[in-house]
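[1] sharing a sequence plus its predicted fold:
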Amino acid sequence: MSTICVRTALILSIAWLGTTGNALAAKCLYVSSYHQGYAWSDGVERGVRSVLDGKCDIRQFDMDTKRNKDEAYKKRVALEAKQLIESWRPDVVITSDDNAAKYLIKPYYREHDMPFVFAGINWTVDAYGFPYSNVTGIIEVAPVKAIFDRVTDLQGIPERGYYLGADTLTERKNLDRFVMSATRKGIVLHHTLAPTMQDWIAAYKRAQDYDFIIMGSNSGINDWQDDQALDTVLTSSRKISLTNHVWMMPYTLLGLTKVPEEQGEWAAKAALHILDGAKPSDIAIISNRKWDIWLNEAVSKSAGVDIPKKIRRKAKKIGS
């Protein structure tokens, strides 16, 4: 890390610890790509509000583009967010996840006077051309290598794996990363991005013929039924399954999961720093650094997979 980067990091740390003053009278808009009730979005929101409550006037706009996938809808709801920005004139805008970047920031606010802080953009910001002078944020990455390493630790070097998720933009980006990592390790990774509950169930059963299963997100499967999914898993699982999404743990044996609150907290602290006079371009774009380890003991038992004691000691447990 360069001397300049170290100095910048120190300045940011000090500034965030002492943020007061004019932020109390400021206006902060939070634009979520998705909807309240979606576990990831709820976690990011908790992180945002835990930092901003009492420090600025917060408004929230939910684009709801996880359940509404039509391109015309996404463009229309982004225009509604733009109209709110123009009428309310917030001092800073925080956004979460890819669609807010794709449909709101990129087409309307490139190199604009309005400062933006993003959270939860998956893997890379290249598609949006960030950084702009008015945009900074925190990227969301999954512990892909760690997941594959865990499979190898538990059952030796695998030959074939299966990725199962919903048919969404986020899941397509996640799948690409897992395929690239699998290819480097000489693993063939088949996949299904399921549009419906029945497609997901059929794919999960097919996946039992592979060495392991990567459980992507179910968000975007609009007819999802928790009880059907749980029944399928507990009656059909025969192989180790792993996920990086905490809300998939009821249906997954082992989890190395991202912490959404980390994204929201970082973005909110960056917003407060901007309110105290910093430019977004002064704040480097970073990626998340926190993971939780989870173990679903019920799925472990139904799949007949024994998990070593050292993992059991570290893991948060469900399904016992």
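    Structure received.

[2] now stretch 82-102: buried residues?
    82, 84-85, 90-102 (16 or more other CB atoms under 10 Å). From N, CA and C alone the C-beta is placed, and that goes for glycine too.

[3] gap between the two ends of that stretch?
    13 Å (CA to CA, to the nearest Å).

[4] got the phi and psi for residue 288?
    Here is the backbone geometry of residue 288 (degrees, to the nearest 10): phi -60, psi 160.

[5] tell me which element the residue nearest to it when sequence neighbours are not counted falls in.
    Excluding the flanking residues, the one nearest residue 288 by CB to CB, 6 or more residues apart in numbering is residue 262, at 5.4 Å. Assessed by DSSP states H and E, residue 262 sits inside helix 260-275.

[6] CA atoms only: put that helix into PDB for me.
    Extracted in PDB, the C-alpha atoms of helix 260-275 (Å, rounded to 0.1, in the frame of the first residue of the first chain):
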ATOM      1  CA  PRO A 260     -24.600  -7.200   4.800                       C
ATOM      2  CA  GLU A 261     -24.300  -4.800   7.800                       C
ATOM      3  CA  GLU A 262     -20.700  -4.300   7.000                       C
ATOM      4  CA  GLN A 263     -21.700  -2.800   3.600                       C
ATOM      5  CA  GLY A 264     -24.300  -0.500   5.100                       C
ATOM      6  CA  GLU A 265     -22.100   0.700   7.900                       C
ATOM      7  CA  TRP A 266     -19.100   1.500   5.700                       C
ATOM      8  CA  ALA A 267     -21.300   3.300   3.200                       C
ATOM      9  CA  ALA A 268     -23.000   5.400   5.900                       C
ATOM     10  CA  LYS A 269     -19.600   6.300   7.500                       C
ATOM     11  CA  ALA A 270     -18.300   7.400   4.000                       C
ATOM     12  CA  ALA A 271     -21.500   9.500   3.600                       C
ATOM     13  CA  LEU A 272     -20.900  11.200   6.900                       C
ATOM     14  CA  HIS A 273     -17.300  11.900   5.900                       C
ATOM     15  CA  ILE A 274     -18.600  13.500   2.700                       C
ATOM     16  CA  LEU A 275     -21.100  15.600   4.800                       C
END
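
[7] which residues touch the next helix or strand after that helix?
    Using DSSP H and E, the next helix or strand after helix 260-275 towards the C-terminus is strand 286-287. Outside of strand 286-287, the residues within contact range by CB atoms under 8 Å, 6 or more residues apart in numbering are 138-141, 266.

[8] hmm, which two among those residues are most spread apart?
    Distance extremes for those: the farthest pair is 141 and 266 at 13.4 Å, using CB to CB.

[9] remind me which residues of the stretch 1-150 of the chain are low pLDDT?
    Where the stretch 1-150 of the chain drops to pLDDT under 70, the residues are 1-24.

[10] same thing but at 80, please
    For the stretch 1-150 of the chain, the stretches flagged by pLDDT under 80 are 1-25.

[11] helices of that one, residue ranges please.
    3-17, 39-52, 71-88, 98-100, 106-108, 144-155 (DSSP state H, counting those that start in this stretch).

[12] adding distance to residue 283 as columns, could you present those helices in CSV?
    Formatted as CSV, the helices of the stretch 1-150 of the chain follow (distance: least, CB to CB, whole Å):
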stretch, distance to residue 283
helix 3-17, 6
helix 39-52, 15
helix 71-88, 20
helix 98-100, 18
helix 106-108, 19
helix 144-155, 26
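
[13] just those: most buried one?
    Mean neighbour count (mean count of other CB atoms under 10 Å) peaks for helix 98-100 among these, with a mean of 26.

[14] would you mind measuring from residue 199 to residue 101?
    From residue 199 across to residue 101, the span is 28 Å (CB to CB, to the nearest Å).

[15] pop the domain breakdown of this protein in here.
    3-141+259-289, 144-258+292-318 (automatic domain parsing).

[16] how about the strands in the protein?
    For the chain, the strands defined by DSSP state E occupy 26-32, 56-62, 92-96, 116-122, 135-140, 160-166, 188-194, 212-215, 240-243, 254-258, 286-287, 291-296, 316-318.
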